[in-house]
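Q: okay, sequence plus prediction incoming.
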Amino acid sequence: RKEGSAWKMLLEAATTAERARGEYELCSFVENTETDTQGYVYRSKEDSVIWIAFRGTEQTKWRDIVTDMMITPREPEFA
């Protein structure tokens, strides 16, 4: 985990008030070193909505840029 990273601090700042009231629960930290992808999964305790936050592309890292180019938009399977 990259505890001091800017993207995590941004996520924390955006959700501080809600988490302070205990509305969100951290479910998982996701990291894939092959694609240099990291993200957090939160769940709203009130309505069980899932929130997923991924770190943005670091423009100085080729691995991030290549990973972004491999993303293929598609319709959700549950729709």
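A: Thanks, I have it.
Q: going forward, measure contacts and count neighbours with C-alpha atoms only.
A: Noted.
Q: what's near enough to touch residue 58?
A: Contact analysis of residue 58 by Cα atoms under 8 Å, 6 or more residues apart in numbering lists 64-65.
Q: for it, helix, strand, or coil?
A: Following DSSP: H, G, I helix; E, B strand; the rest coil, residue 58 is assigned to coil.
Q: separation between it and residue 45?
A: 32 Å (Cα to Cα, to the nearest Å).
Q: count of neighbours near residue 24?
A: By the measure other Cα atoms under 10 Å, the count of residues near residue 24 is 21.
Q: count of residues packed around the residue lying closest to it once chain neighbours are set aside?
A: In this structure, residue 24 finds its nearest non-sequential neighbour in residue 44, 4.5 Å apart by Cα to Cα, 6 or more residues apart in numbering. Under the neighbour criterion other Cα under 10 Å, residue 44 is assigned a count of 16.
Q: now do residue 34
A: Residue 34, neighbours per other Cα under 10 Å, totals 8.
Q: same check on residue 71?
A: Per other Cα under 10 Å, the neighbour tally for residue 71 reads 8.
Q: that's a strand at it, yeah?
A: No. Under the criterion used here (three-state DSSP), residue 71 is coil, not part of a strand.
Q: and residue 28, what pLDDT?
A: On the pLDDT scale, residue 28 is placed at 91.
Q: quick one: residues contacting it.
A: 40-42.
Q: the helices in the chain, which residues?
A: Using DSSP state H, the helices of the chain run over 6-20, 62-69.
Q: out of the contacts of residue 28, list just those in strands.
A: 40-42 (DSSP state E).
Q: mind putting these into JSON lines with pLDDT and neighbour count?
A: Listed next are the ones in strands among the contacts of residue 28 as JSON lines, based on pLDDT from 0 to 100; neighbours: other Cα atoms under 10 Å:
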{"residue": "40", "pLDDT": "88", "neighbour count": "17"}
{"residue": "41", "pLDDT": "90", "neighbour count": "16"}
{"residue": "42", "pLDDT": "87", "neighbour count": "18"}
